[in-house]
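Asker: Sequence and predicted model, in that order:
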Amino acid sequence: MKEQQSLFTNSRIMLTNVGKQPVTHVVINYGIKNETIQYINPGEKISLSPPEGSNLNLVRIIADNGINISTGYRTPIKMPGMMGS
């Protein structure tokens, strides 16, 4: 998720294990730096903040059992009266 504010950009990555088994050796590639999480239990959600200077266009997640996801950051819809609109 990437929210553009007038003075800064607020970004975060949400990882959720929707499976029935733990996901192991999760590597999050922000473009300039990697972060590793040893495992994510079934149903567990993890919120991460990309380090300063990261590429805020694309994030890549690689884990055991062939998990390899590259995705862009989503931008929420701006609503009148909401912060940043």
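Answerer: Arrived safely, thanks for sending.

Asker: Leaving out sequence neighbours, find the closest residue to the residue positioned nearest the centre of the chain.
Answerer: For the chain, the residue sitting closest to the mean C-alpha position, by C-alpha atoms, centre = their mean, is residue 13 at 2.1 Å. Using C-beta to C-beta, 6 or more residues apart in numbering and skipping the chain neighbours, the partner closest in space to residue 13 is residue 48 (4.5 Å). For the C-beta atoms, the positions are set from N, CA and C on the backbone; glycine is no exception.

Asker: While we're on that neighbour, how confident is the model there?
Answerer: Residue 48 carries a pLDDT value of 91.

Asker: Tally up the residues packed near it, please.
Answerer: Using other C-beta atoms under 10 Å, residue 48 is surrounded by 15 other residues.

Asker: can you check residue 45 too?
Answerer: 10.

Asker: Please apply the same query to residue 55.
Answerer: Residue 55 has 13 nearby residues by other C-beta under 10 Å.

Asker: and it, what is it in contact with?
Answerer: 30, 31, 32 (C-beta atoms under 8 Å, 6 or more residues apart in numbering).

Asker: how about the first one, what does it touch?
Answerer: If a contact means C-beta under 8 Å, 6+ apart, then residue 30 has 50, 51, 54, 55, 59 as its contacts.
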